[in-house]
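In: Quick check, what structure comes out for this input:
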Amino acid sequence: MDNQHSEWTDKEKLGQTIRLLRLTNNLSLRDLAERSGISYSFISSIEKGRFSPSRDTIIALGQALEGADSNELLMLAGFAPHAGLVKEESSLYEPEVQFILRAKRDLTPKAFKTFMRIAEQTKKALEDE
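Out: Prediction:
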C-alpha cells in the first residue's frame with residue numbers, strides 16, 4: 001500500500017469512528033455540532049474523510065461524544081495524545097511515544113516511512129548485540 005493511500009485510509013478511519021460514535025449516541029450532525037461547537041458541515045466533511053481536523057477540534061468532538069476516547073481519536077489523526085487525558089501509567093504518556101507520534105504528524109509520509117525503517121534497523125542491531 002502506498003503512503004498516500006495509507007494517509008487517506010487514516011482519515012477515513014477517523015471519520016468512520018466519529019460517525020459511529022455519533023450514531024451510537026443517537027445524535028444528528030446538528031446535535032453533535034451544538035454539543036461540540038463545531039459546524040455540522042465540517043463534522044460531515046470529517047466523517048467523509050475529506051478534511052483532517054485540528055487537535056482542538058478532535059478534543060471537542062471527543063468530549064461531546066459519550067463513550068469516545070479522545071486520545072484514540074487524536075492518534076487516528078496522527079497527533080500525540082493529550083497529556084491531561086492520559087493516565088499516568090499509560091505508555092502513551094512516555095516522551096518517546098509522543099516523539100514518534102509527533103514525527104508521524106510532522107513528516108511527509110515518505111520521510112516517516114524512512115524514519116520508521118531506520119528505527120527498526122537500529123532496534124534490530126541493538127537486539128543482536
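In: lowest-confidence helix or strand of the protein?
Out: Within the chain, no helix or strand scores below helix 3-24, which has a mean of 73 by mean pLDDT, DSSP states H and E.
In: Figure out the helix or strand that the spatially closest residue to G37 that is not a sequence neighbour lives in.
Out: Distances taken as C-beta to C-beta, 6 or more residues apart in numbering put A60 closest to G37, at 5.9 Å, once the chain neighbours are dropped. Where C-beta positions appear, they are placed from N, C-alpha and C, glycine not excepted. Take DSSP states H and E as the rule and A60 turns out to sit in helix 55-64.
In: Return the set of buried residues in that helix.
Out: 55, 57-62, 64 (16 or more other C-beta atoms under 10 Å).
In: Contacts for that helix, please.
Out: Helix 55-64 has contacts (C-beta atoms under 8 Å, 6 or more residues apart in numbering) with 18, 32, 35-38, 42-43, 46, 53, 68-70, 73-74, 77, 79, 82, 85.
In: ok, K13 - contacts?
Out: K13 sits next to L76 when contact means C-beta under 8 Å, 6+ apart.
In: The residue of the chain most remote from its centre and G49, how far apart?
Out: No residue in the chain sits farther from the centre than E129, which is 35.3 Å out by C-alpha atoms, centre = their mean. Distance of E129 to G49, computed by C-beta to C-beta, to the nearest Å: 43 Å.
In: For the closest residue in space to R19 that isn't next to it in sequence, list the residues it contacts.
Out: In this structure, R19 finds its nearest non-sequential neighbour in E47, 4.3 Å apart by C-beta to C-beta, 6+ apart. Remark: with contacts taken as C-beta under 8 Å, 6+ apart, E47 is in contact with 15-16, 18-19, 22.
In: Of the residues you listed, grab the buried ones for PyMOL.
Out: Buried residues among the contacts of E47 (16+ other C-beta under 10 Å), as a PyMOL selection:
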select buried, resi 15+18+19+22
